[in-house]
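J.: 3D model of this:
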Amino acid sequence: VLTTTTDAHAALLEAGVAHEHVLRASGRLLGLLQEASIVVGVLGPGPTPTGPTAEEQAVHALVRAAALQHDHFVVLTAPDQFPLLRRGLAGVNDSTRKQLAAAALRGLAARDLALAVQLSGMQLPTGDTVLVLGGGGREHAIAAKLAESAHVKRVIVAPGNPGMTGRKIAVHPELALGDNEAVVRFVQEHDVKFVAVGPEQPLVDGVVDALAAAGVPAFGPSKLAARLEGSKAFCKAFMERHGIETAKYASFTDYEAAVKYVESVSHKVVIKASGLAAGKGVVLPDTVEEAKAELKRMMIDSVFGEAGAEVVVEERLEGQEVSVLGFCDGRSVVLMPGAQDHKRVFDGDEGPNTGGMGAYAPAPILTPALRATVALEVMQRAMDGAVQDGFPFVGILYAGIIVTSTGPKVLEFNCRFGDPETQVILPLLKSDLYEIMRSCVCGMLLASEVQFQDEYCAGVVLASKGYPAAYEKGKVITQKTSELAAGLTVYHAGTAQGKEAGELVTNGGRVLVVSAKQTSLEAAIKQAYEELDAGKVGFEGAHFRRDIGKRALRGPVRLAVLGSTRGTDLQYVIDAIDQGWLRASIEVVVSNKKDAYILTRAENHGLKTVLHSMKGCANRTEFDAKVTATLKEFNVDLVLLIGYMRILSDEFVDEWAGRVINVHPSLLPEFAGGMDLNVHQEVIDAGKSVTGCTIHLVTKEVDGGPIVVQKRCPVHADDDADKLKARVQALEGPAFVEAINKFVEGQMPSESA
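T.: This next block holds a predicted model:
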């Protein structure tokens, strides 16, 4: 590993990554390049007042040359790519090499452009009028952040709502969205220099194109690019075309064909109206009959109008979700902190879906390793795909990511800021939002332009009574602004002018977002709820969830592994943790066999290992007592049995009830009690067409505990026991990861299940 900048050198020293550091273009540097596999050059803040030095230009050229030779080098130019170093070159395929090289070249080109602007003496204007299109809490957050810019004289929000008015911000409710010509006229009449588009519908309707034709720069994607959100069928085909991981799916315009499809698949499905349905066009039926009923509602009863004329039916994936948003300039993308939304209306993710009942950022589920993967294999791949397909993407690309047991997958792309994610991300933005938006529109965004504070933000939505069904309106809003704590902001979404001067009343389902920014997530959550409980913000009948962000406050689950064999499934769990798919730590690996390879495997990854023998133990109970003492010493939450060739004592099972899981190589309760190849041979002899593996809670009944996860695979006509074992064993690691996540989420079955 070779570093060519002081920033990269410092970062790798801190990370403990061995490397050579050379700052000058020299013969030694050229010699090292013959041996290096990875070149790391962090793109700094761009041109200085005096311009780059000759040496900086030489290093600049070196990194560019290395990027062009990506078949020999891997080039990393941003700190969020550094986690890839942990995988080594074995984890970097040709596609990723090209992605990294492209990112490096884009960054270098952007620095060249920035230098050209500097040398020409161009400056950002001051005193601009900026128009924000939209009227909800998201637009309030965008307007408030734009108003902080020294380059902005005033912000107009249209149609806006009266709760937004304040410093530099005015609302114009007379401008209704949906008429692009009216928007252009408004811009011209009010001397608007720049437009930021909030909601998706104007983007899908081509408002950015209309403004561009009138010579007005606008932050947002073109009509063609906005199809990524405007048509779920188009979006799924785009992801498939460009190798972006997503759920298996099929699109339908024929109702009978859709019904036959849901009857034919063995997995649960998600049904999505392909068009825009105000965030309500996604349903998660639990049975085939429910799925058929939802298809009828969308395709026959037309509950979503034209939006439901085409539907996407996709496999339902399991895992935590995270919203990943990025600023895009048509070629490159710079990620924001990950955020987690809370869609269900009631605590514990119960009740119907909503537009979002709260959010927090940064979300711990988006680990540095996972962030690097999403940046390269999702976000940048989407940017490159948009260019290839003829619609370079400018604006906000929002990927709804689900972290499954086999890695991150994209649930959907949106082409705008999320709501309520925006209300917890933008308060953390340290940089000038107006400068970022202008750089995106000009096609020259630098990663160094986008800086976020090292803090946390939690936002709680206050909704009207009855939401998301029919809800009340006209309730007087209390907001004791002068009494609000520092770091707390109230964003207005569904508000209207009341009868009295200065009075605001409710006028929507989601009315307010109370957003708190603090140095820790726990403190931010606490502050938001304290202000609400003190009555400083609210209205009659206000409903809000009490568990926003609580999931993130749980630390990584602490695992122990008991094993006697090779520990193949342990490797999958280790990799899932390293790559950010699983928030867990393996505290200790325990074996009863000194020559078990699982111990070597664990030690190779720096994990603590303990060997226990029966020496000095009169029976299983005494042996298991030693194991229990070890597990308690390491403060273990959950125990995995991976090839553990011992029957557990009743005392151990009682001590760890509900916290020990085992894998069995069949679909229990079938073929319980058997082991290894014998089970697979029994499956073949029984003429089964489908088999799989089962993760179950361990009880006193062998293989009789409640089922946590099952994974399935086909049995082929030419299978023998060895072939079938290999196919089933490939399912076991993902099954363990899914089961661990269920434990974290409190979704384990009860012992009586």
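J.: doesn't M239 make contact with L228?
T.: No - taking contacts as C-beta atoms under 8 Å, L228 lies outside contact range of M239: 9.2 Å. Placement of C-beta: from N, CA and C, glycine included.
J.: who touches both of these two?
T.: Listed as contacting both L228 and M239 by C-beta atoms under 8 Å, 6 or more residues apart in numbering are A382, F413.
J.: remind me which residues of the stretch 501-650 of the chain are low pLDDT?
T.: Counting by pLDDT under 70, the stretch 501-650 of the chain contains no low-confidence segment.
J.: What are the boundaries of the helices in it?
T.: Ranges of helices in the stretch 501-650 of the chain, per DSSP state H, counting those that start in this stretch, are 521-533, 550-553, 568-578, 597-604, 620-633, 650-655.
J.: Can you add mean neighbour count and give those helices back as CSV?
T.: Formatted as CSV, the helices of the stretch 501-650 of the chain follow (neighbours: other C-beta atoms under 10 Å):
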stretch, mean neighbour count
helix 521-533, 19
helix 550-553, 17
helix 568-578, 21
helix 597-604, 18
helix 620-633, 16
helix 650-655, 16
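J.: hang on, the earlier thing: quick one: which of L228 and M239 has more around it?
T.: It is L228, of L228 and M239, that has more neighbours when counted by other C-beta atoms under 10 Å, with 28 against 23.
J.: what's the neighbour count on T609?
T.: The number of residues packed near T609 is 16, by other C-beta under 10 Å.
J.: where's A399, which helix or strand?
T.: Using DSSP states H and E, A399 maps to strand 394-404.
J.: Nearest the middle, which residue of the chain would you pick?
T.: V322 (3.0 Å; C-alpha atoms, centre = their mean).
J.: Surely it and T404 touch.
T.: No - using C-beta under 8 Å, V322 is not in contact with T404; the gap is 11.9 Å.
J.: quick one: contacts for A552?
T.: Going by C-beta under 8 Å, 6+ apart, A552 touches Q340, Y360, A363, P364, I365, L521.
J.: Surely the first one touches K550?
T.: No - with the criterion set as C-beta under 8 Å, Q340 and K550 do not qualify as a contacting pair; they are 10.7 Å apart.
J.: gap between P392 and A375?
T.: Distance of P392 to A375, computed by C-beta to C-beta, to the nearest Å: 18 Å.
J.: how close does the closest residue to A147 other than its chain neighbours sit to A143?
T.: Nearest residue to A147 in three dimensions, chain neighbours excluded: K168, at 4.0 Å (C-beta to C-beta, 6 or more residues apart in numbering). Going from K168 to A143 by C-beta to C-beta gives 8 Å.
J.: When the two are compared, which one has more neighbours?
T.: Ranked by neighbour count (other C-beta under 10 Å), K168 and A143 place A143 first, with 29 against 18.
J.: Is that one within a helix or a strand, and which one?
T.: A143 is part of helix 137-147 when elements are defined by DSSP H and E.
J.: packing partners for that helix?
T.: On a contact count with 3 or more C-beta pairs under 8 Å, 6 or more residues apart in numbering; DSSP states H and E, helix 137-147 meets strand 128-134, strand 152-159, strand 169-171, helix 422-425, helix 433-442, strand 488-492, strand 510-518.
J.: Contacts made by the second one with the rest, please.
T.: Outside of strand 152-159, the residues within contact range by C-beta under 8 Å, 6+ apart are 126-135, 139-140, 143, 146-147, 164, 168-177, 186, 190, 192, 434.
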